[in-house]
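In: no sequence on this one, just coordinates:
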C-alpha cells in the first residue's frame, strides 16, 4: 500500500502560514535531539507531550531497521546502501545522527553487507568505511535513503528500477 504522507504534507504546506517539517528516520543534532529531555527532567508532569514526542522520535531508527530487515529477507546475501550519515541534509555533522545509528546497527546486526555513502565527508570513521554514490548504486540490492542530500535528489531515477528502495526522507517520491 502506498503512503500518502508526502502528498498530504505538500498540500498542507501550500497554505501561507503552514510549514510542516518533513518526516525522517529520527531527530538528530546536538540540540533538538537532546534539549527536550532537559525540559522533561525539570518538569515531568507538565512535559508529557514533549516526552511522548521524544520517545516516538527516539524509536524511529528501530522502526527503520525493522523495515530494512524485512526487505533484506528477499535476498540470499543482501547488500544495503545507506545513503547519508549526517543529522540533516547537506552538512557533514554526525552528532546525534539517527542515520549514523541506523547504519552502525545494520552493520552489527549481520543482516547483510552495508555500504555507507556520505557525500559531505572525505573519509570514513574508523569502523565505518565510506563508498561513493556510483559504487553504492551499482552494488546495493536495497537503497536506504537516510538523509536528503542534494546529490541524492539530483540523481538519475532510472538507476533505481532494479533496487528495493526505502526512502525515509521522501527524496524519490
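Out: Sure, I can see it. Computed from a predicted structure; not experimentally measured.

In: List the contacts of the residue nearest the centre of the chain.
Out: Note on the chain: the residue nearest the mean C-alpha position is residue 146, at 2.4 Å, using CA atoms, centre = their mean. With contact set as CB atoms under 8 Å, 6 or more residues apart in numbering, residue 146 has these partners: 24-25, 64, 82-85, 98-99, 102-103, 168-169. Just so you know, the C-beta spots here come from the backbone N, C-alpha and C atoms, and that holds for glycine as well.

In: Which members of those occur in helices, if any?
Out: Cross-referencing the contacts of residue 146 against helices under DSSP state H gives 64, 98-99, 102-103.

In: Check which helix or strand residue 116 maps to.
Out: For residue 116, the host element (DSSP states H and E) is strand 113-117.

In: In that strand, which residues are buried?
Out: 114-117 (16 or more other CB atoms under 10 Å).

In: Report the separation between the residue nearest to the centre of the chain and residue 39.
Out: Residue 146 sits 27 Å away from residue 39 when distances are taken as CB to CB, to the nearest Å.

In: Report all helices and strands that the strand holding residue 116 contacts.
Out: Contacts defined by 3 or more CB pairs under 8 Å, 6 or more residues apart in numbering; DSSP states H and E place strand 113-117 against strand 79-83, helix 98-109, helix 133-139.
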